[in-house]
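[1] only geometry, no sequence info:
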């Protein structure tokens with residue numbers, strides 16, 4: 001009779017002990033899978049929040065401050081360098097950023113990976129009130145500032161449209177559809193932004209080309225925002241690469257609060273996984289006790305098998321086969337229970353965010369449960385293999 005057949009028959013005969021062993025393993029696996037599934041959903045939520053923070057790189061003109069001294073006395077400092085960026089370098093910024101991302105992350109997609117959104121800041125006046133007008137590429141600006149919403153009107157559509165920040169609209173007493181003169185050019189208010197709590201609330205946005213023409217600033221921009229469209233993009237390397245490759249600019253990485261939150265989430269997950277490991281350790285001892293009890297119950301069977309020629313290796317293999325089967329059952333049960341727990345608890349922890357199954361955790365659950373069961377069964381199995389035939393028969397009689 002094959003060892004696998006003996007194992008199956010013995011498991012069927014000892015259903016209660018099998019259930020207890022499977023339960024011990026599945027509880028530990030359930031804890032791990034539930035935590036990993038909720039953590040995966042939490043990271044997805046945090047990364048989605050990070051997308052709402054706008055650019056992760058800012059490019060400004062490369063300037064330097066020089067101290068002016070006369071006769072040993074410091075007379076102050078002066079800024080040396082251009083105060084604007086030539087618009088012609090934007091394609092080069094796009095190319096360098098995309099190439100660095102592809103090289104670092106092994107991306108073969110030839111399409112644009114980064115969003116490059118220039119801004120031109122200009123002072124203006126409306127009815128004696130000083131305002132700041134910002135020239136933008138409408139599509140690129142909207143793609144970076146995905147959180148923008150409108151209290152009235154709509155986004156930029158025509159070359160003479162402008163969008164007002166919420167505070168700017170209230171201060172100037174303007175609303176959608178009204179006409180306003182800026183820099184000797186008539187603009188139509190297309191929309192008013194919702195309150196965002198950022199500097200955007202105080203600004204007026206206009207199409208870049210129109211603003212450049214009205215102010216005589218053709219081909220000039222003040223800053224360039226860059227958003228890398230990938231998770232884990234090497235923003236520091238991109239910033240260094242842009243600064244070193246393109247003359248006249250300085251790029252810096254924008255640190256976001258969400259990145260710190262993501263680090264805190266990873267730390268919390270590590271702590272909970274450590275606690276889950278303790279649960280797995282308890283499950284390991286539970287399986288070990290169950291296997292030791294099985295060895296005690298089956299002394300006579302072991303003695304008979306040894307008497308008819310079964311080797312010690314076959315005895316060990318029989319118990320390890322049984323442990324592997326218990327592990328597979330415990331892994332499947334633990335994954336399903338952990339998924340159910342994550343679906344129930346996850347939305348409570350993540351503020352209502354949904355939790356979806358992670359199929360990649362199925363082999364992890366089965367493999368981890370199988371490994372725990374086999375490690376737990378190894379000592380009792382070796383003890384059974386070392387048992388002498390006479391002692392086994394005598395003890396069981």
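    Ah, there it is. What you are looking at is a predicted structure, and each value in this text was computed from that prediction instead of being measured.
[2] how close does residue 300 sit to residue 294?
    Separation of residue 300 from residue 294 (C-beta to C-beta, to the nearest Å): 13 Å. Yep, even glycine has a C-beta here, placed from its N, CA and C like the rest.
[3] same thing with residue 364?
    27 Å.
[4] and what of residue 12?
    14 Å.
[5] between these two, which is the more surrounded one?
    residue 294 (22 against 9; other C-beta atoms under 10 Å).
[6] where exactly do the helices run in the chain?
    3-13, 15-51, 90-105, 138-144, 166-172, 208-215, 235-245, 257-297, 299-307, 312-349, 361-385, 389-396 (DSSP state H).
[7] right, so of those, which gets closest to residue 227?
    Nearest to residue 227, of all the helices of the chain, is helix 138-144, at 4.8 Å by C-beta to C-beta.
[8] what is the closest one packed up against?
    strand 114-126, strand 223-228 (3 or more C-beta pairs under 8 Å, 6 or more residues apart in numbering; DSSP states H and E).
[9] out of these, which gets the lowest mean score?
    Mean pLDDT values for the helices and strands packed on helix 138-144 show the minimum at strand 223-228, a mean of 87.
[10] residues making contact with it?
    With contacts defined as C-beta atoms under 8 Å, 6 or more residues apart in numbering, strand 223-228 is touched by 54-60, 85, 90, 93, 97, 101, 113-119, 121, 143-144, 235, 238, 242, 249, 251.
[11] where are the low-confidence patches of the stretch 151-300 of the chain?
    Scanning the stretch 151-300 of the chain with the threshold set as pLDDT under 70 gives 229-233, 255-269, 272, 283.
[12] 80 - rerun?
    228-236, 253-300 (pLDDT under 80).
[13] if we can go back for a sec, for residue 127, find the nearest of the helices of the chain.
    Per C-beta to C-beta, nearest to residue 127 of those: helix 166-172, 7.2 Å.
[14] just the residues contacting the closest one, thanks.
    Contacts for helix 166-172 (C-beta under 8 Å, 6+ apart): 126-127, 129, 131, 151, 164, 174-175, 180, 189, 192-196, 201-204.
[15] so of those residues, which ones are in strands?
    126, 129, 131, 151, 164, 180, 189, 192, 193, 203, 204 (DSSP state E).
[16] if I read this right, residue 151 contacts residue 193, doesn't it?
    Yes: here residue 151 reaches residue 193: they are 7.0 Å apart, a contact under C-beta atoms under 8 Å.
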